[in-house]
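> Sequence and computational prediction follow.
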Amino acid sequence: MARNVDLQLFRRSVPAEVKLVLLGLVCVVLLVVDANSRLLNPVRQAIGIGLYPFQRAVMLPRDAVTLVQDYTNAARMLQQESDDLRRQRIELSQVVTNAAQLLTENEQLRRLLGVVEQRPAYPTVVVEVLYEPVTPFRRRLVFNKGSRDGIAPGMPVIDEGGVVGQVIRVTPFSAEAAMLTDEQLAIPVQLLRNGLRLIAFGSTVPGKLEVRYFSSDADIRVGDALVTSGVGGGFPSGLSVATVQSVERDAASGFARALAEPTAYPERYRHFLVLKVPLNQATEKDTQANQLSSEEPADATR
C-alpha cells in the first residue's frame with residue numbers, strides 16, 4: 001500500500017522581512033513597557049543571573065591583568081616611599097649634624113668675643129681653618145685670610161684656651177701658622193705661680209711642649225701654669241700657654257727638662273683669633289734702649 005509523501009521542499013513560509021519587522025515591533029514594545037513600568041524587572045534579573053557566569057568568565061583575563069598591574073604598582077610605590085623615607089632620614093640627620101656644628105661654632109665664637117673684650121688693646125682678626133697640612137714633623141694650620149686683612153708673619157694665634165701658635169707665612173688671601181707643638185716654634189713663657197721666666201719649645205712627643213735650658217734646682221712643679229712672659233714683644237704677656245705635666249731633673253748635668261700640655265685645642269675648632277701685635281714693638285724697644293745707653297755716657301761727661 002502506497003503512502004502519500006508530503007514534500008516540504010516547495011512549502012512557502014513567512015518571509016524574513018516580515019519576521020524582522022515583527023521582532024522590531026516586539027523590541028519597541030518591550031522598550032516602551034520597560035521605560036514606563038517595572039513589569040520586566042523579574043525577567044531582567046533572571047536573564048542577568050543566567051548571564052553572570054559567562055560575564056565573569058569573559059572578564060577573567062582582564063581581572064588577571066589588572067591584578068598584576070596593581071601588584072606591580074603597589075610594589076613600585078612601596079619602594080619609592082621607602083627610598084623617600086630613607087632620603088628624608090639622611091637629610092634630617094644632616095640637618096641635625098649641621099645644627100649641632102653651628103651651635104658649637106656659635107659657642108666658640110662667643111667665647112672668642114669674650115677673649116676680645118678682655119684684651120681690647122690689640123685688634124683681632126677672626127680666621128677659619130682651610131686645611132691642615134699632613135706632615136709627620138710639622139704641625140701647621142692654613143687660614144682663609146692673609147695680608148689683605150692685615151695679617152703678617154709673627155702675629156700670635158689664640159683661642160679661648162690660650163695661645164694656639166704663630167703666623168709664619170702669609171699670602172694676600174691665606175696665612176700659615178705653626179702650632180705650639182711644632183718643633184720649629186719657641187715661645188717665651190713664665191710660671192704663673194712665681195714668675196720664673198722660661199722658654200717652651202715644640203716637642204717630639206705628640207701634643208706636648210718641652211721646657212728646656214733651666215737649672216735643675218729651679219722652682220717648677222707639676223701642675224704649674226705657663227703663660228706668655230711678653231719678652232721679645234712677639235706675644236703679649238699673660239696669655240695662657242700650657243700646664244706642666246712632668247719634670248725631669250738631671251743632677252749630673254745641672255739642668256732639668258719639663259713636659260707641658262697646651263691649654264688650647266686647635267684640633268677641636270675651626271675658628272681662631274689672630275692678634276695684630278705691632279711687629280716693630282721689639283725693634284722700638286731696642287732702639288729706645290740704645291738711645292738711653294748712648295745718652296748715659298754723655299750725661300756722665302757733662
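Cool, the structure landed. Residues are numbered from 1 along each chain as shown.
> C-alpha only now, for contacts and for neighbours.
Fine.
> Following element in sequence after the host helix or strand of R86, please.
Here R86 sits within helix 41-118, counting by DSSP states H and E. Next along the chain after helix 41-118, taking DSSP H and E as the criterion, comes strand 124-131.
> Identify each buried residue in the next helix or strand after that next one, please.
Sequence-wise, the next helix or strand downstream of strand 124-131 (DSSP H and E) is strand 140-143. For strand 140-143, the neighbour count (16 or more other CA atoms under 10 Å) marks R140, L141, V142, F143 as buried.
> and what of stretch 64-73?
In stretch 64-73, no residue is buried by neighbour count (16+ other CA under 10 Å).
> swap in stretch 55-65?
Neighbour-count burial for stretch 55-65, counted by 16+ other CA under 10 Å, picks out no residue.
> C-alpha coordinates for that stretch, PDB please?
Taking Å, rounded to 0.1, in the frame of the first residue of the first chain, the C-alpha atoms of stretch 55-65 are listed here in PDB:
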ATOM      1  CA  GLN A  55      30.300  37.600  32.100                       C
ATOM      2  CA  ARG A  56      32.800  36.600  34.800                       C
ATOM      3  CA  ALA A  57      34.400  34.100  32.500                       C
ATOM      4  CA  VAL A  58      34.800  36.700  29.800                       C
ATOM      5  CA  MET A  59      36.300  39.200  32.300                       C
ATOM      6  CA  LEU A  60      38.800  36.800  33.800                       C
ATOM      7  CA  PRO A  61      41.700  37.800  31.600                       C
ATOM      8  CA  ARG A  62      41.000  41.500  32.200                       C
ATOM      9  CA  ASP A  63      40.900  40.900  36.000                       C
ATOM     10  CA  ALA A  64      44.100  39.000  35.900                       C
ATOM     11  CA  VAL A  65      45.900  41.700  34.000                       C
END
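> Helix, strand or coil: sort out G24 for me.
Of the three states, G24 takes helix under DSSP: H, G, I helix; E, B strand; the rest coil.
> can you pull the contacts of it?
For G24, no residue meets the contact criterion (CA atoms under 8 Å, 6 or more residues apart in numbering).
> ok, which stretches of the stretch 101-250 of the chain are strands?
124-131, 140-143, 156-159, 162-170, 175-179, 186-191, 197-202, 209-215, 225-228, 240-250 (DSSP state E, counting those that start in this stretch).
> Toward the C-terminus from the longest one, list the very next helix or strand.
Past strand 240-250, further along toward the C-terminus, the next helix or strand under DSSP H and E is strand 255-262.
> quick one: strands adjacent to that next one?
Take DSSP bridges as the rule and strand 255-262 pairs in its sheet with strand 209-215 (antiparallel), strand 240-250 (antiparallel).
> what sits up against the shortest one?
Residues lying outside strand 209-215 but in contact with it, judged by CA under 8 Å, 6+ apart, are 180-181, 198-203, 242, 254-262.
> Any buried residues in it, and which?
Going by 16+ other CA under 10 Å, strand 209-215 has these buried residues: L209, E210, V211, F214.
> Likewise for the longest one?
Residues of strand 240-250 classed as buried: S240, V241, A242, T243, V244, Q245, S246, V247, R249 (neighbour count, 16+ other CA under 10 Å).
> And the last one, how far from Q166?
Between R249 and Q166 the computed distance is 30 Å (CA to CA, to the nearest Å).
> same question, the third one
Here the distance between A242 and Q166 works out to 15 Å (CA to CA).
> same thing with the fifth one?
Going from V244 to Q166 by CA to CA gives 21 Å.
> before we move on, what about the second one?
V241 is 12 Å from Q166, where distance means CA to CA.
> and V32, which of the three is it?
helix.
> What number of residues are in the vicinity of it?
Counted with other CA atoms under 10 Å, residues neighbouring V32 total 11.
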